[in-house]
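**Student:** what would the 3D arrangement of this be:
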Amino acid sequence: MEFGNKENIIYIIIPILLFIILLLGLRKRENILKNIGLFSKRGIEILKIFLITCGGLLVFISLLSPQRLKEDEKIQVKGSNVYALIDISRSMLTKDVYPNRLEGAKRSLNEILDGLKGDRIGFIPFSDSAYVQMPLTDDYSMGKNYVNAIDSNLISGGGTKLLEGLELANKSFEESGVDHKIVIILTDGGDYDKNIIEYAKNNKLKVYVIGVGTEDGGVIPGKVGFLKDKNGNTVISKLNDKFMKELANETGGKFYEVNNLTDGTKILLRDIKSLEGKNIREENLKVYKKYYQIPLGIGIILILCGYLLKRGIREEYND
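**Tutor:** Below is the predicted model:
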């Protein structure tokens, strides 16, 4: 026997408070009767408190959802395993995509989450460093909470440690026993790095890239004004898609654009769905028999018996 809703343990406070309130009420009643020279049968009052408290305790146990494992079998689930690498470098604050590139990337992520079904997805933001923000999961509601948590406060600098992000994704894939490794990179581009392409190919990472930005580009907001180079000139950040297109092509993926005029996210979702027949994973399905009805029913009966006990027994008083 185990409990399915252990998070409800906090409600143990209800039967405890109920017991304390009933006990204090008994003492107050005895004091009032004593002051007017009357006495009641204490045994009946104690039984009343016992029944109501035990009933409350059983209702609390039902909230924990007592259950017993009935079946444990492996089922095959169609769906891809995807890591989304989100560029959070300072250039992603450029406003050539409304309201900026980072928010445009977040819109695409939310659209991806809305379109997934049975697929598992994880998030890895990267800039001067990379970290696993959310491991692989099919809880899309939780995923949206993580997406909303991505903002300018996470941006540490102008670097893009894409290779570090790919290494983290690959490590997670291997730990999960995933054979088909899909990576989506949301970025405004990056400089050519042969090591990144070689790493992705050697580890069989299928890379899809969403390029967020425009060829005309825009200025990068700084702490004061706009970002400037060493010569004092304002830096113009443009979508640098050449390397990202090569990375996608070399790994069997594709490149898509996202800006104010173009949104390739739906095409990306369609391409990922076409892979679902190839990506089949095994998951353990646990079937439990629930027993919450038993303590709930007995608890309600005990509470009613305790409540009606006072009316059903005539109290006797002595001078």
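**Student:** drop to CA atoms for contacts and neighbour counts, all remaining ones
**Tutor:** OK.
**Student:** and for the residue lying closest to Asp119 once chain neighbours are set aside, the neighbour number?
**Tutor:** In space, Asp119 comes closest to Gly79 once its chain neighbours are excluded; the distance is 4.3 Å by CA to CA, 6 or more residues apart in numbering. Counted with other CA atoms under 10 Å, the neighbours of Gly79 add up to 21.
**Student:** wait, doesn't Gly79 sit right on Thr137?
**Tutor:** No: using CA atoms under 8 Å, Gly79 makes no contact with Thr137, being 11.6 Å away.
**Student:** now do the shared contacts for these two.
**Tutor:** Arg120 (CA atoms under 8 Å, 6 or more residues apart in numbering).
**Student:** could you check how far the residue nearest to Asp119 is from Phe226?
**Tutor:** 44 Å (CA to CA, to the nearest Å).
**Student:** would you put the C-alpha positions of the strand or helix carrying Ser62 in CSV?
**Tutor:** According to DSSP states H and E, Ser62 maps onto helix 42-63. Extracted in CSV, the C-alpha atoms of helix 42-63 (Å, rounded to 0.1, in the frame of the first residue of the first chain):
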residue,chain,number,x,y,z
ARG,A,42,-18.0,13.0,30.4
GLY,A,43,-17.7,9.6,28.8
ILE,A,44,-20.3,10.6,26.1
GLU,A,45,-18.5,13.8,25.4
ILE,A,46,-15.1,12.0,25.1
LEU,A,47,-16.7,9.4,22.7
LYS,A,48,-18.1,12.3,20.6
ILE,A,49,-14.7,13.9,20.3
PHE,A,50,-13.1,10.5,19.5
LEU,A,51,-15.6,9.7,16.7
ILE,A,52,-15.4,13.2,15.1
THR,A,53,-11.5,13.3,15.3
CYS,A,54,-11.1,9.7,13.9
GLY,A,55,-13.5,10.6,11.1
GLY,A,56,-11.5,13.7,10.3
LEU,A,57,-8.3,11.6,10.3
LEU,A,58,-9.8,9.1,7.9
VAL,A,59,-11.0,11.8,5.6
PHE,A,60,-7.4,13.1,5.6
ILE,A,61,-6.1,9.7,4.7
SER,A,62,-8.5,9.6,1.8
LEU,A,63,-6.9,12.8,0.5
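**Student:** that helix: which residues count as buried?
**Tutor:** Residues 45, 48-63 are the ones in helix 42-63 that count as buried (16 or more other CA atoms under 10 Å).
**Student:** which other helices and strands does that helix contact?
**Tutor:** Under the contact criterion of 3 or more CA pairs under 8 Å, 6 or more residues apart in numbering; DSSP states H and E, helix 42-63 touches helix 13-35, helix 293-312.
**Student:** just the ones you listed: most buried one?
**Tutor:** Comparing those by mean neighbour count (mean count of other CA atoms under 10 Å), helix 293-312 ranks first with a mean of 16.
**Student:** got the CA positions of that one in CSV?
**Tutor:** Extracted in CSV, the C-alpha atoms of helix 293-312 (Å, rounded to 0.1, in the frame of the first residue of the first chain):
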residue,chain,number,x,y,z
GLN,A,293,-13.4,5.6,-1.0
ILE,A,294,-13.0,3.3,2.0
PRO,A,295,-11.5,5.8,4.5
LEU,A,296,-13.6,8.6,3.1
GLY,A,297,-16.9,6.7,3.6
ILE,A,298,-16.0,5.4,7.1
GLY,A,299,-14.7,8.9,8.0
ILE,A,300,-18.0,10.6,7.0
ILE,A,301,-20.0,8.0,9.0
LEU,A,302,-17.9,8.5,12.1
ILE,A,303,-18.2,12.3,11.9
LEU,A,304,-22.0,12.0,11.5
CYS,A,305,-22.3,9.6,14.4
GLY,A,306,-20.2,11.9,16.6
TYR,A,307,-22.3,14.9,15.6
LEU,A,308,-25.6,13.2,16.3
LEU,A,309,-24.5,11.5,19.5
LYS,A,310,-25.3,14.5,21.6
ARG,A,311,-28.9,14.6,20.3
GLY,A,312,-29.4,10.8,20.7
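**Student:** can you list the low-confidence ranges for the protein?
**Tutor:** 38-40, 72-78, 152-159, 276-285, 310-319 (pLDDT under 70).
**Student:** now the strands for it?
**Tutor:** 2-3, 66-78, 81-87, 120-126, 134-137, 181-187, 205-212, 218-219, 236-237, 255-258, 280-290 (DSSP state E).
**Student:** against Gly264, how distant is Phe19?
**Tutor:** Distance from Phe19 to Gly264, by CA to CA: 62 Å.
**Student:** one more: Asp138?
**Tutor:** 23 Å.
**Student:** neighbour-wise, which of these two wins?
**Tutor:** In this view Asp138 and Gly264 are compared by other CA under 10 Å, and Asp138 has more residues nearby, 18 against 15.
**Student:** for that one, give me its contacts.
**Tutor:** Applying CA under 8 Å, 6+ apart, the residues near Asp138 are Gly118, Asp119, Arg120, Ile121.
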